[in-house]
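Visitor: Next input, structure requested:
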Amino acid sequence: MAEPEARAKGLVRGGRILLYLSLLMNFIIIGLVIGAIVSGGDRRGDRGPPRANEMGLGPIVQALSPEDRRALGREMRQTLRDERRTRGELRALMDQIVLALEAEPFDVAEVDALLATQFSEVEFRLGLAQRVFLERLEAMDASERAAFATRLQEVLDSPRTGFRPPDGALEDSKSE
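Guide: Sure, this is the predicted structure:
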């Protein structure tokens with residue numbers, strides 16, 4: 001009789017954890033929606049912290065020619081295949097994080113170590129992207145770099161990307 005009770009308690013604990021995670025995700029989404037409304041959406045100009053897409057490589061990747069994007073992707077995939085973890089290994093790491101989060105007693109040091117491993121993987125991939133991109137830029141001649149700069153400016157000025165400064169901001173910064 002003790003075995004079914006222990007299993008039932010485990011299921012209740014697991015269900016409780018899922019409930020808490022679900023509530024957390026709901027609060028995050030609600031917070032993002034409220035934050036977007038309060039901040040005024042794209043009308044915030046230079047106020048506030050940068051958005052995630054403003055800190056990443058999004059505009060740079062969008063401005064690359066399709067040929068350059070394919071070449072960079074091939075180079076990154078080859079390097080990642082040779083030097084880093086497979087998708088299965090990354091999934092196993094995430095599974096370890098889930099188990100550590102569910103563990104009783106909770107060991108914050110274990111979660112910290114697992115997250116450090118995950119973050120080092122992200123850091124490696126960002127560094128690789130930067131290195132491959134710079135090598136590609138270095139291989140471009142002056143006209144190719146100028147064309148890339150023009151496309152990048154077009155991406156930044158596009159109202160669809162959210163990078164366009166508020167009306168008059170460019171004129172204000174040029175007059176200073």
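Visitor: Could you tell me the per-residue confidence at Glu171?
Guide: Glu171 carries a pLDDT value of 46.
Visitor: Sorry, slip of the keys, the one I care about is Arg131.
Guide: 88.
Visitor: ok, now the one 5 residues further on?
Guide: Arg136 is assigned a pLDDT of 90 by the prediction.
Visitor: how about it, what does it touch?
Guide: Neighbour list for Arg136: Asp68, Ala71, Leu72 [criterion: CB atoms under 8 Å, 6 or more residues apart in numbering]. All C-beta atoms are positioned from the backbone trio N, CA, C, and that covers glycine.
Visitor: can you list the residues you listed in JSON lines and add neighbour count, secondary structure and pLDDT?
Guide: Shown next, in JSON lines, are the contacts of Arg136 (neighbours: other CB atoms under 10 Å; DSSP: H, G, I helix; E, B strand; the rest coil; pLDDT from 0 to 100):
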{"residue": "Asp68", "neighbour count": "18", "secondary structure": "helix", "pLDDT": "86"}
{"residue": "Ala71", "neighbour count": "16", "secondary structure": "helix", "pLDDT": "87"}
{"residue": "Leu72", "neighbour count": "18", "secondary structure": "helix", "pLDDT": "85"}
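Visitor: can you list the residues you listed in a markdown table and add distance to Ile28?
Guide: Shown next, in a markdown table, are the contacts of Arg136 (distance: CB to CB, whole Å):
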| residue | distance to Ile28 |
| --- | --- |
| Asp68 | 35 |
| Ala71 | 37 |
| Leu72 | 32 |
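Visitor: By mean pLDDT, which helix or strand of the chain comes out lowest?
Guide: For the chain, counting by mean pLDDT, DSSP states H and E, helix 169-175 ranks last in confidence among helices and strands (a mean of 46).
Visitor: on that earlier part again, quick one: which of the contacts of Arg136 is nearest Ala149?
Guide: Proximity of these to Ala149 was ranked by CB to CB; the top entry is Asp68 with 13.3 Å.
Visitor: gap between that closest one and Leu156?
Guide: 18 Å (CB to CB, to the nearest Å).
Visitor: Please apply the same query to Leu134.
Guide: 19 Å.
Visitor: who's more crowded, the two?
Guide: More crowded of Leu134 and Leu156, by other CB atoms under 10 Å: Leu156, with 16 against 10.
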